[in-house]
Structures are given as structure tokens and as C-alpha cells.
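Trainee: predicted model follows, preceded by the sequence.
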Amino acid sequence: MADYLLSIMTFFPLLGILLLLFIPRDNGGLLKGATLAVSLITFVISLPLALDNVFATSGGMHFREFYHWINIGDFFQMNYNIGIDGISLWLVMLTTFITPIAILSTWNAVEKNIKGFMAMLLLLETGMLGAFISLDLFLFYIFWELMLIPMYFLIGIWGGKNRIYAAVKFFIYTAVGSLLMLVAIIFVYYFAQQSGSMTNGFGIQELYKLDLPYNAQFWLFLAFGFSFAIKVPMFPLHTWLPDAHTEAPTAGSVILAAVLLKMGTYGYVRFAMPMFPEALPTFIPFLAFLSVVGIIYGSLVAMMQDDIKKLVAYSSVAHLGFVMLGVFAMNLQGLAGGMIQMINHGISTGALFLIVGFLYERRHTRLITEFGGVATKMPIFATMFLIVTFSSIGLPGTNGFVGEFLALMGAFQGGLRWYAVFATTGVILAAVYMLWVYQRVMFGKVTNPKNENLKDLSAREIVIMLPLLLFIFWIGVAPNTFFSKMNPAMELMLEQMGAQKIAVVEVLQPAGTGHGAGHGNDHADTHAEHQ
Amino acid sequence: MENLVQEAIQNVNFQAIMPSLVLCVFGMGILMVSVFSKRGSTTHVAWLSIVALVVTGYFTLSGWNNPQSGFAGSVLFDNFATFFSMICILAAGLTILMSDDYLKREGYPVSEYYPLILFTTAGAMWMASGTDLMTIFLGLEVLSVSLYVLAGFFRDQVRSNEAGLKYFFLGAFSTGFLLYGVALLYGVTGTTKVEGIAAYVRANPDSAMNTMFIAGGALLLVGFLFKVAAAPFHMWTPDVYQGAPTPITAFMSAGPKAAAFAALMRVSIIGLDGIQSELTSLFWILAVLTMTLGNFIALTQRDLKRMLAYSSISHAGYVLVGLVAWNEIGLSAILFYMLVYTFMNMGAFAILVLLGKKGEDNLTLDGIVGLGYKKPILGVVLSIFILSLMGMPPTAGFTAKFYIFAGAIDAGYIWLAVIGVLNSAVSLYYYLRVMVQMYFKDPEEDFAWVSMSMPVTVSIVISIAGVLYLGVFPGCVMNLAKLAGF
């Protein structure tokens, strides 16, 4: 069982789709129940990963599975090559954790074609899990594209008024990026073949060892980086995101924010940066600049929104900017901050979309001006909203603080000092727009008579929110649970991104602050043994 | 005297044309059967034709890895010919499966239809196996003449007439070009054998500067490029594809096109190898032109058959990318691509056959609104074909495009690959629109007239199996394609 754990986990939702086919389409309750059960079982299957201590001691890949898949003479070899390390571990867990929550959140929201909706959610889960565990570029690409189709249908069929525009825009934006990545993938493969170092198909661990000339790395990083930047999304490629988020049904928004956006940041950490380390110094100032622009621009635009969902969507642009800034710092604090911020964003923005969904289900509007004084009618809801708001702002004690603080500190120490200074204004701006929207929606007197009869959260809705709140505090108070399993993998990854690069960073920064880099080097020997 | 006869007979080697011979004999026999059949009863003729194709397929496959040369070297039935012949046989089989109910619905239960498809297939097989320009021309003519009749088969429908006539005039014109090209090449090289031309080019490295040689080669290529509907020789495609009976449109886009590509490949790669660099730069331009034109014009189409016609032009452009690459992977990718294209395009057309009302005026984007809800299985299947045409994994359309572009990148044509994938991105829009209409809009029609008939269902099942199998496990067939390359 343990040998095939990842495969079972990834393809179990697909089995669930088969199960759905045998349930009559008008039996909505059974369809929802079965889907929820499938996603919960998937979560249980994935639990041994989180409990396994091997990630705390070794940064390499674990739970490996390797089979030959496509073998075309001497042209190509594609393998079913999967495994996870500390970097993908928590993203996998986030996926299996968020999916049942998303399914539970749609209990009353979706009425038309429940069967199709549930099937799409399960297909999406397989796609997401597959992309996180793939260690073969070809396999990764297939899962990466596989995610597009269910999301396209989720937005297009069950979305809001402007859904067709949003769905097509989402699809074409993402596909353009990934098609260019496809060219880059083929090119890398041929380069590897010509240099004679390939024995293992498109295996990324072999591709890490490639010594590509700078010129090739430049173009390849551009192709991969462009594709991932669309998915993150980084300014100025973010314009599909507000449309997609606003039009998507709640479950779609939750998954889109919590997991799909992480594909982009994960792509940078797993593929673009370690595969083309020499091109990194050229691009980092530019990318860091775009991250900071994204933080400030996203915050300012979020502040001006009158639709709560759009506000949350733009806040995503800003939050992902922190993630990217931390990752581009190229030191342990920055990377750790970026990685944990990915999880945080998944939890808190996922929770925010759920909250918007709760309001929308009750009032069928998301305009801030329609609300006011909701706190008096919905006290439980108010409390939960407040906690999530704090988490999104990054108040100490919540998860947001840990992530943003580390990311900014990493950037400050890692040669991105001025970027960090400007990015920090984003923290303040986040407090402005989040608290402002909270104040306008929740506080004051009930001015709109339609809000008089608002019901507080039902038991189901509380059950949905509680696990998210738990993790908001868990990561906020005891982040080491998570860091301890990420650290070895992150150190290894930093080394891969270029030990020489870290050395450059050390020169740039004053003596004494090079903690991250030094830390990374200290551990280099320890995990070399685990390889 | 006896020796001479012996030698001539040995030289003939009927083995080399055995499959097409079998097909022709069957075709003529079926023609006789239809003479003595009751008017309007065509089903048994259709099934007889399927039997004919199965038997021919058996003979074709038994020639795998056993190349047979015949008729003094003007026919070579090698793996390459086998692969392309199998594509044509498959296309013909799928066409026949989707035709019977269609012909009855449209009010033309005429059994000559089926033998004509068989003769087209025989012509296609000669094109794929011809190593003499005259044999190729013969195959092309047999194929074309049957197709002219088939395109205009609905003889009192204006659109079908237009299709037949347009195809005939332009086709005859392009055949004239081709023949003129053959004549010029003969004048220069003194031979019509593909190998002979290759030998001439090898002996005269400056032949690329010889005006008559260039003119001959160019005219020859025009003939082939017309048949594969590459820009700027594509003008006939939309009208003919729209007007012809839908199964014939499907057939034209797969079988005859594959045969034309086979002939184009054999003539360029064997015969004109000496001027490879000139040819590839020509094909480079044509590939970009064909892809871009097809995709951009398809964006504005509302008629589904017309849209698929332009999409078929753009797919010819992708295939030309493989020819530009001119390397082992690119060329075997062409074989693979044509097979995959047969599955996905014929599958999509089979669904159009089901959806059409009499006269097929409803086959527009507006005519399929809500199909996904009213006919869920049909909707899912059509979506899979469309996703495959888009090139989305895990369908065969993706693997096929992957190998084509891999060939181009391997040969160093990275910009061509980039232009190719950007073209795919453009094509997303019109392909997605089909799904938008099917799923994202509320149903207006009830689609009550759509009934699954057994033969059409079989053709759809075969196509979908091909699309999914070749998408997930392309290795086996791709290795065959590799063996079939030059």
C-alpha cells in the first residue's frame, strides 16, 4: 500500500467519477454525499504523508514510483515518475484538505447538473495532485493541462452572469503560457539528449544536473517563467484572475485560489528556478519588481472594489506577490516564508471566498453597499470573518504573519532590500482594505431592510470553517510543525538553485545577516547523506 | 521468348498491388451486386463494402515488413505505403459506417456511393505506394474522379452541385499542373521514376539552378499541395467541404489527404532530397501560411462544417511542420498525425452526421446550443474530439502535435514550433466556442430527432477509442510509424 500511496491518492478521485456514473442524475443528495465521501477518503489516504517523519530528516524525494510509460525507439522516453519532498508535501496536503471543504460548501449552492459539477471537482483534484507529484516534465505537463478543462467547465457552466467571457479568457490565458512551456520542455529534452546525460526521460532530477549554456537558460527560463507567471498570476498577466474568480461558483473560487494559483509559484520553485539557475540573476530583479508592483497594485485596486469577491480576488494578486518575493530572495527565510505563505493563502483566501459565498447564498449579491451591520445578525459569522480577516492581514498569532514576516525578512536580507521596503507597504494596505471592507459589511446599524432576516451560519457552514480556523492558528502559533518537514527539502532546493548564487547574495549583504545562506550551507552535508 | 515472358511476369509482381487489386475486384463486384439489388436498399451493399475493406486491410497488413516492388519499379508497397493505406482503409470504413442512415435521411439511397468510396481508397493506395510519377498520377486521378462524383452526389442540391463542380474544375486544373510538372521533369531528367529523379539530382548538384527542373518540381508540388489543401491552394476546401455530403467531407479530410501527403513525402524526400534546403524553406513558408490562414479564418465561421474545413487547413499546416523538420521524428510524426487526425476528425464529423436534420441547415454554432444537456453522452464525446483537435492532453491530438513540434525543435526550427503552438492557441478560441455552445448556454432545441444508429455508433466508438488510446499510450503506434518512415 505504502509503495503505491501517491498513485492511489491521485487516481482515487477518478475512481470516484466512475462511481458517480452509476448514480441517477436526479439524486442530488446521494451524488453530493458520494463525492464528499470520495474526497474525504482521498484526504485520509494522504494523511500518512503528513505524518511521515522522513521529510524532517531528508530533503530528497520520497514515496517514489517509477514505471516506463511511453517508449519510442530512441526518440523519446516518458516515464510515470512520481514522488514528493517537503516542498510538495504541504501543497499535496492542502489539495486533499481543501477539496472536501469546497465540496461541502456547494451543498445548497449548485442546483443544475450536480453530477457534472461533482465529476469536474473530482477530475480537478486528480489533475492538481498529479501536477504536484510529477517528477517527469511530460507527465507534469499532462496534469497541468488536465486541470484546465474541469476549471473551464466549472466557471463556464456554473458561473455567474459573465461566465462565458471569464471561462474562455481563463482557458486561453493559461493555455498560451503552457504551450510556450511545451516548446521549452521539448527543447530541454533535446539538449539533455545531445549532451548525453539523459537516462531517465524527462525526469527533472536529471534535468537539474544539466549544464545548459546561459543563452539557452535565458530563453528557457523566459518560456517556463511566462507560463508560471500567468498562473500565479503576476502583474501584468493577472487580468484573467478577477474575472475568473468573480464568475466562478464558490467551490471553483476556493479551489482556484487555494490550489490552482499555487501551481504557478510551485512551478517556479520546482522547475523554472532550479533548472535554469544561471538565468536567475538576470531575471530576479525584474521578477521581484513585478512582485512588488503586484503587491501594491493589487492592494490599491482591491481597496477600490465594491464587489467583495473582486476585492478578495485582487487581494490574491497582492498575496501571491509576497510569495514570489520570498521565493526570489533565494535564502532559507525567504523560501520558507514563500512556501508557508502559499499554504496560508490557500487557507485564508479559501476561507474568504467561502465567507463571500455564505453572504451570496443568503442575499444573492456581493456588493459591499448592500450590506452593513451584519455582525448584529450573524455573530458566529462575524467572529469567523474577523479571524480570517486578521489572518489575511497577517496579524501576529495567525498564519499570515509567519509567512509575510519571513518572506519580507528573507527579501530584506537577500539582496532585495528595497523591494522588501516597498513590499511592506502592502501589509499596511492589506490592513486598510480588509478592515475597511469588514467595517462596511459587518459594523454599524442594519440599514438595508433585506439584511434584517439574515440567518447565522448553519452547522454545515460552521463545520466547513472550523478546520480552516484551526490551521490559521496552528500555523500562526506553531509553524515549526510545518517548517520542520520543509527545511531539508528547501535547503536542497536552494543549493540546486545555485550555491554560487547564494554566495553572490552573501557578498551583497552586510556581514552578520547572512543567516539564511549560512544555515543552508551548514546543512548541505547532512542531507547529502540522505540522497 | 519464354524467358522474356517469365521475366516480364516476375517484374510485374502482383504482390505489390495485391491489396488495391483485391479492393478493386470487390468494388466491381459490389457494383454488380447493386445493379441487381432492389432500388433503395443499400444496407447490404454498405456491409459488403465493409467486408471488402476488412479483407483489403488483412492483405495490406500482411505486407508489413515485407516490401514488394513491382511493375518494373513503379510501385513499392513498403511499410510506408502500408501505414498510409491502413489510414485510408480506416477512413473509408468509418465513412461507410456513418453513411447508410445518412443517405436514407437525405433521400439518396443509391448504392453506387459505396463502390466509389472503395475506388477512391484504391487510388489513395496507389498514391501511397507509387514510386513512379505516372503511378502516382494514376492513383491521384482514380481518387479524384471518384471524389468529384461523391462530392456532387446529391445531384439536385445546389450546394452539393457547387461542391462537385468546383472540386472538379479546380481539381482538374491542379492535375493539369501536376502533369505538366511531370512532363518538365521528364524533359530534364529523362525519367519519371522517383529514384531516377533523385539520381539525376545527385549527379547534377546544380539542378536547383536549372529553371526547367525548378519549374517542373514546383508544378508537381502545386498538384500535391492542392490535394492536401495547403495555403495558398486551399480556396476550394471550405465550399467543397460544406457542400459535399457530410461523410464524404469527413473522408476527404482524412483518407485522400493522407494519400496526398504520402505522395508529397515520397516525392520530396526520396526524389528531391538533393534540393532539401530549398524545399524546406519553401515548406516553412507554406506551413506558417497554412496554419495561420486556416486558424484565423476559422475564427469567424459559424457553420460547423465550414469551421472544420478551415480547421482541417490549419491541421495540414501542422503536418507540413513535420515535413519542414525533414528528420526521422518529424516524418514519423506525420504518419502518426494523419492517423490521429483520421480518428478525431472523422469522430467529430460522425457526430455532425447524427445531429443534422435533412438538408443539414442546422449544423451551425447556434444549432448545437444545449446539446451537452439534452444528449449528455454525445456532448461528452464531441467535447473529447474537440479537445483532441485542440491538442489537449490526454488525447491523441496532444501527442500527435507533440511529436510534430518535437521534430521541428530537433531539427532546430524553434521559431517554427513557437509559431505552431501560438497557432494552436488561436485555434483554442473557435474550438472552445463549440463547447461554449454545447454547455454554457441554456438549451433551446430538444434534439429529439437525434437517434443513435448502430453503424454510426460503431464508428464513433472506434474513433473515441483511437483518440484516447493513442493519447495515453502512443508508444506502440508511434514505433510502427517510425518503422514506416524512410
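Mentor: Here it is on my side, so go on.
Trainee: mind listing what residue 84 touches?
Mentor: In the absence of a named chain, this looks at chain A. With contacts defined as Cβ atoms under 8 Å, 6 or more residues apart in numbering or on different chains, residue A:84 is in contact with A:6, A:49, A:61, A:62, A:63, A:92, A:132, A:133. Where you see a C-beta, it was placed from the backbone N, CA and C, and this is true even at glycine.
Trainee: think we crossed wires, I meant chain B
Mentor: Taking Cβ under 8 Å, 6+ apart, one finds B:124, B:125, B:128, B:258, B:259, B:261, B:262, B:335, B:338 in contact with residue B:84.
Trainee: need the per-residue pLDDT for it.
Mentor: On the pLDDT scale, residue B:84 is placed at 94.
Trainee: and for residue B:427?
Mentor: At residue B:427, pLDDT is 93.
Trainee: which residues touch it?
Mentor: B:295, B:298, B:311, B:314, B:389, B:390.
Trainee: that one should be in a helix, yeah?
Mentor: Yes: applying DSSP: H, G, I helix; E, B strand; the rest coil, one finds residue B:427 inside a helix.
Trainee: buried stuff in the longest helix along chain B?
Mentor: Longest helix of chain B, by residue count under DSSP state H: helix B:158-189. Using 16 or more other Cβ atoms under 10 Å in any protein chain shown as the test for burial, helix B:158-189 gives B:160-168, B:170-171, B:174-175, B:177-182, B:184-186, B:188-189.
Trainee: same thing with stretch B:61-75?
Mentor: B:63, B:67, B:68, B:69, B:70, B:71, B:73, B:74, B:75.
Trainee: again with stretch A:349-367
Mentor: Buried, per 16+ other Cβ under 10 Å, within stretch A:349-367: A:349-360, A:362-363, A:366.
Trainee: again, but for stretch A:384-392
Mentor: In stretch A:384-392, counting by 16+ other Cβ under 10 Å, buried: A:384, A:385, A:387, A:388, A:389, A:390, A:391, A:392.
Trainee: now stretch B:106-115: mean pLDDT?
Mentor: 87.
Trainee: thinking again about what came up before, now, the most widely separated pair of the buried residues of stretch A:384-392?
Mentor: Using Cβ to Cβ, the buried residues of stretch A:384-392 span at most 12.5 Å, a distance reached by A:384 and A:392.
Trainee: so what pLDDT did residue 189 get?
Mentor: Assuming you mean chain A. For residue A:189, pLDDT reads 86.
Trainee: you answered for a different chain; I wanted chain B.
Mentor: 89.
Trainee: can you narrow the contacts of residue B:427 to ones near chain A?
Mentor: Near chain A, taking Cβ under 8 Å from any Cβ of the partner chain as the test, no member of the contacts of residue B:427 is found.
Trainee: picking up where we left off before, off-centre distance for the longest helix of chain B?
Mentor: In terms of Cα atoms, centre = their mean, to the nearest Å, the centre of helix B:158-189 is set 17 Å apart from its chain centre.
Trainee: next secondary structure after that helix?
Mentor: helix B:194-203 (DSSP states H and E).
Trainee: and the angle from that next one to helix B:158-189?
Mentor: Angle of helix B:194-203 versus helix B:158-189, following axes from the mean of the first three to the mean of the last three Cα atoms, to 10 degrees, is 50 degrees.
Trainee: pull out the buried positions in helix B:194-203.
Mentor: For helix B:194-203, a neighbour-count test (16+ other Cβ under 10 Å) marks B:194, B:196, B:197, B:198, B:200, B:201 as buried.
Trainee: can you get me a residue count around residue A:211?
Mentor: 9 (other Cβ atoms under 10 Å in any protein chain shown).
Trainee: where does it land on pLDDT?
Mentor: In this model, residue A:211 carries a pLDDT of 79.
Trainee: so where does it fall, helix or strand?
Mentor: Per DSSP H and E, there is no helix or strand for residue A:211.
Trainee: what does the one 4 residues further on give?
Mentor: Secondary structure assigned from DSSP H and E places residue A:215 in helix A:214-231.
Trainee: just name whatever secondary elements that helix is in contact with.
Mentor: helix A:163-194, helix A:261-267, helix A:280-303 (3 or more Cβ pairs under 8 Å, 6 or more residues apart in numbering or on different chains; DSSP states H and E).
Trainee: return the set of buried residues in whatever helix or strand comes next after the longest one.
Mentor: As assigned by DSSP H and E, the chain's next helix or strand after helix A:163-194 is helix A:204-208. Using 16+ other Cβ under 10 Å as the test for burial, helix A:204-208 gives A:204, A:205, A:206, A:207.
Trainee: what is helix A:204-208 packed up against?
Mentor: By 3+ Cβ pairs under 8 Å, 6+ apart, helix A:204-208 packs against helix A:137-158, helix A:163-194, helix A:273-275.
Trainee: can you put those in TSV and add distance to residue A:449 and mean neighbour count?
Mentor: Conversion of those to TSV gives the following (distance: least, Cβ to Cβ, whole Å; neighbours: other Cβ atoms under 10 Å in any protein chain shown):
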stretch	distance to residue A:449	mean neighbour count
helix A:137-158	30	24
helix A:163-194	30	22
helix A:273-275	55	24
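Trainee: for residue B:329, give its distance to residue B:81.
Mentor: 20 Å (Cβ to Cβ, to the nearest Å).
Trainee: with residue A:278 instead?
Mentor: Taken as Cβ to Cβ, the span from residue A:278 to residue B:81 is 49 Å.
Trainee: just to revisit the earlier point, which strands and helices lie in contact with the longest helix of chain B?
Mentor: helix B:133-151, helix B:194-203, helix B:211-227, helix B:236-243.
Trainee: residue contacts, residue B:108?
Mentor: Contacts of residue B:108 (Cβ under 8 Å, 6+ apart): B:153, B:154, B:245.
Trainee: my guess is the second one meets residue B:106, correct?
Mentor: Looking back up the chat, that one is residue B:154. Yes: if you go by Cβ atoms under 8 Å, residue B:154 and residue B:106 touch, sitting 6.5 Å apart.
Trainee: quick one, which of those two is more surrounded?
Mentor: Counted by other Cβ under 10 Å, residue B:154 and residue B:106 do not tie: residue B:154 has more neighbours, with 22 against 18.
Trainee: from the buried residues of stretch B:61-75, which single one is nearest residue B:443?
Mentor: Using Cβ to Cβ, those come closest to residue B:443 at residue B:63, 50.2 Å.
Trainee: what does the closest one show for phi and psi?
Mentor: The phi/psi pair for residue B:63 (degrees, to the nearest 10) reads phi -90, psi 0.
Trainee: these two touch, right, it and residue B:17?
Mentor: No: counting by Cβ under 8 Å, residue B:63 stays clear of residue B:17, with 10.5 Å between them.
Trainee: overlap in contacts, those two.
Mentor: Joint contacts of residue B:63 and residue B:17 (Cβ under 8 Å, 6+ apart) are residue B:77.
Trainee: what about residue A:457, is that helix, strand or coil?
Mentor: Relying on three-state DSSP, one would call residue A:457 coil.
Trainee: ok, it - contacts?
Mentor: A:358, A:378, A:380, A:381, A:384, A:465.
Trainee: secondary structure added to the residues you listed, as TSV?
Mentor: Formatted as TSV, these follow (three-state DSSP):
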residue	secondary structure
A:358	helix
A:378	coil
A:380	helix
A:381	helix
A:384	helix
A:465	helix
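Trainee: among the residues you listed, which pair sits farthest apart?
Mentor: A:378 and A:465, at 12.4 Å, using Cβ to Cβ across those.
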